[in-house]
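Colleague: Build me a model from this:
(chains A and B)
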Amino acid sequence: MSDDVKQIVLRAVGVKRYYYGEGDTVTKALDGVTLDVFRGEYLSIMGPSGSGKSTLFNMIGGIDCPTEGMVFIDEIDVAQLDSYELAWMRCFKIGYIFQSYNILPTLSALENITLPMLFAGMSPGDARDKAAEILKLVGLGDRLFHRPYELSGGQQQRVAVARAIANDPVIILADEPTANLDTKTGADIIDLLNRLRRERNITVISATHDMKMLDVSDRILWIRDGKVDRLEERKDLKITVGGISGH
Amino acid sequence: MGAVVDKATNVDNGQVPEQTDISWAIAFRVSLAGVRRRFGRSMITMTGVVLAIAFLSYMLATESIINALVNLNDDQLNTRLQQMGINIFRGVKTEPMTLLLLGLTLLTCMVGITNSMLMAVTERVREIGTLKCLGARDEFILKTYFIESSLHGICGAVIGLVLGLLVAISVCAYNYGHQTLLSLPVLSLAGNLTVSLLIGAVMTVTASLFPAYVAARKQPVEALRVEE
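Modeller: The predicted model follows:
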């Protein structure tokens, strides 16, 4: 894959998002962000809270529309999609992983993973088989029928990862996936994401504060005041991480 | 990788696959799982329906039973009926005041259901957002709430009408003796039960329309919100 010309899966062009408050107050959550993300890449988005990180994240995820500018996901212009097509895109193109797992509490692990496949129109039987297979892949082969409250945080996040890859998405969006986990479990989740990315050539975009996560990233995007502060390659960053962790 | 390319060409042709064929079945499973998991909550919502329908069914059943007794035209029974203040020549007919009371009861119960369903929506904002992130459409969310409220409505109405009927029969049997049980107007009681069931189901679903609409309009962004 690395020999090929890099294929762009996500392109943001001059994305702006303004929130209009009372009177003439305008909050510029995003103020012109331009970004290309390549297939199979691991991109981390960093920035202090209130920097527009989450807003950018929502734009990329097709769950919010920019005030100005364009977002292309797999060459589809998000702004031109109606709500049906947006739902379709969220179903097929993007896998979401949340900070607080968001496993549906009323369903078992298996059912949680089956659901997006059923939305995609797969037959229940096929969906179950595939879900069981994916759960084995993330190391939960013996937890198929457990309910979320019977699983640990790390296991729940694994279910979430499994659910995210259920429909073979192009992009996995992970919003602080390790923030609620201890260091060891967090590292396991990162390894899992990284492995899936390599094996399946999925692009992983993740918002994070976790230094371990930065270590596996191909590039890191720093956001500040709604603008791209800087975009670093991993090789430049190695030094920084080494400095921080004292190696 | 090939599959991904196929999907990409799909949307360019404007061929968004249909979700409607199967999603009723999925919606039913999701709703049922929800009701089962949150059984306590469902019971509280249902209690409103049970009480209102029990009242309705009690009124209707009492009327049918007493009219059947009046039709028997038995001397002893007629004396007893007159002692209870019933006109044995005209039978009983529900008075406007009683009807008003019934209407108010049903209305109060509806407001209660709407209220508790709205709370359920607020509680489940993140779940709804997550479902939408997984690719659920507005209609799917609507369907799950429709099914959930129908389940509440039908179960609540069935329990309520059985309760109302039992109370009506017991009270009449106590007042007028064993004749009541021997001459139960089965047909007209069955009619009453059907009416109660229908009113209960329609009432619950109507009361849930607004909460379901609110739920369907929730945005997927809600899934990302963190409140601990």
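
Colleague: show me what contacts the closest residue to chain B within chain A?
Modeller: Using CB to the nearest CB, A:Cys91 is the residue of chain A that sits closest to chain B, at 2.4 Å. For the C-beta atoms, the positions are set from N, CA and C on the backbone; glycine is no exception. Going by CB atoms under 8 Å, 6 or more residues apart in numbering or on different chains, A:Cys91 touches A:116, A:119-120, A:167, B:134-135.

Colleague: Specify the beta-bridge partners of the residue most central in space within chain A.
Modeller: In chain A, the residue lying closest to the centroid (CA atoms, centre = their mean) is A:Leu173, at 1.0 Å. Beta-bridge pairing for A:Leu173 (DSSP bridges): A:Tyr96, A:Ile205.

Colleague: ranges for the strands of chain A?
Modeller: Applying DSSP state E to chain A gives strands spanning A:8-20, A:26-38, A:42-46, A:68-73, A:76-77, A:94-97, A:171-175, A:203-207, A:219-224, A:227-233.

Colleague: List the neighbouring strands of the fourth one plus their orientation.
Modeller: Under the criterion DSSP bridges, strand A:68-73 sits next to strand A:8-20 (antiparallel), strand A:76-77 (antiparallel) in its sheet.

Colleague: Let me have the contacts of A:Cys91 in JSON lines, adding distance to B:Ile159 and pLDDT as columns.
Modeller: Below are these laid out as JSON lines (distance: CB to CB, whole Å; pLDDT from 0 to 100):
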{"residue": "A:Pro116", "distance to B:Ile159": "36", "pLDDT": "94"}
{"residue": "A:Phe119", "distance to B:Ile159": "34", "pLDDT": "91"}
{"residue": "A:Ala120", "distance to B:Ile159": "39", "pLDDT": "90"}
{"residue": "A:Asn167", "distance to B:Ile159": "41", "pLDDT": "94"}
{"residue": "B:Leu134", "distance to B:Ile159": "35", "pLDDT": "92"}
{"residue": "B:Gly135", "distance to B:Ile159": "37", "pLDDT": "90"}
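
Colleague: Which one (most neighbours) among those?
Modeller: Highest neighbour count within the contacts of A:Cys91, by other CB atoms under 10 Å in any protein chain shown: B:Leu134, with 30 neighbours.

Colleague: buried stuff in the strand or helix carrying B:Arg80?
Modeller: Using DSSP states H and E, B:Arg80 sits in helix B:75-83. Buried positions in helix B:75-83, judged by neighbour count with 16 or more other CB atoms under 10 Å in any protein chain shown: B:77-78, B:80-81.

Colleague: for chain B, which spans come out with low pLDDT?
Modeller: The model of chain B has pLDDT under 70 over residues B:1-22, B:226-228.

Colleague: As a check, name the ranges of all strands in it.
Modeller: Assigned by DSSP E, chain B shows no strands.

Colleague: Point me to the residue of it nearest chain A.
Modeller: Closest point on chain B to chain A, by CB to the nearest CB, is B:Gly135, at 2.4 Å.

Colleague: dump the residue contacts of that residue.
Modeller: Per CB under 8 Å, 6+ apart, neighbours of B:Gly135: A:87-88, A:90-92, A:116, A:119-120, A:167.
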